[in-house]
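Chemist: need a structure here:
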Amino acid sequence: MRNYLIVMVATICLGFGLATQARAQNVDWQAQRRQLKSQQRLERNTLKTQQQNMKQSWRTRRTTSAQRALANHQMQRERRDLKQRQKDVRQDLKDRQRSLNSMQRAYGH
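Modeler: Okay, the predicted model is just below:
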């Protein structure tokens with residue numbers, strides 16, 4: 001009987017410990033989302049500037065239309081890849097938020 005009591009007290013203490021850890025992970029999702037948006041905006045502007053500079057460099061040096069077409073395709077791939085990568089990062093943030101919220105609900109918030 002005494003061992004049973006010790007095990008129950010230990011279990012209750014462990015349960016409270018896990019519940020407080022779940023509550024301690026309160027995250028300001030709005031701030032993270034704003035920071036992510038500004039970072040992604042900066043990445044898009046950087047890529048746009050790089051590509052504009054590359055197109056301007058074609059005016060000063062001689063390039064064939066085949067080289068320009070190849071470079072244009074490469075730039076399109078880069079834009080598409082950046083867009084997909086940013087979309088994945090935003091979705092990961094949403095998924096983390098959902099999983100953490102569901103964990104907090106499971107532990108009684």
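Chemist: off-centre distance for the helix or strand hosting residue 41?
Modeler: Assigned by DSSP states H and E, residue 41 belongs to helix 29-60. Distance of helix 29-60 from its chain centroid, counting by CA atoms, centre = their mean, to the nearest Å, is 17 Å.
Chemist: angle of whichever helix or strand comes after that helix against helix 29-60?
Modeler: Downstream of helix 29-60, the next assigned helix or strand under DSSP H and E is helix 65-106. Interaxial angle, helix 65-106 versus helix 29-60 (axes from the mean of the first three to the mean of the last three CA atoms, to 10 degrees): 180 degrees.
Chemist: about what we covered before: summarise which helices and strands the helix holding residue 41 is packed against.
Modeler: helix 65-106 (3 or more CB pairs under 8 Å, 6 or more residues apart in numbering; DSSP states H and E). Where you see a C-beta, it was placed from the backbone N, CA and C, and this is true even at glycine.
Chemist: centre-most residue in the chain?
Modeler: residue 89 (3.2 Å; CA atoms, centre = their mean).
Chemist: that one and residue 43: what is the separation?
Modeler: 10 Å (CB to CB, to the nearest Å).
Chemist: for residue 51, same thing?
Modeler: 13 Å.
Chemist: quick revisit: which residues touch the spatially closest residue to the residue nearest to the centre of the chain that is not a sequence neighbour?
Modeler: With CB to CB, 6 or more residues apart in numbering as the criterion, residue 89 has its nearest non-adjacent residue at 6.7 Å, and that residue is residue 36. Residues near residue 36 by CB atoms under 8 Å, 6 or more residues apart in numbering: 89, 90, 93.
Chemist: so what pLDDT did the residue lying closest to the second one once chain neighbours are set aside get?
Modeler: If you skip the residues right next to it in sequence, residue 90 has residue 36 as its closest partner in space, 6.7 Å away by CB to CB, 6+ apart. Here, the pLDDT recorded for residue 36 equals 94.
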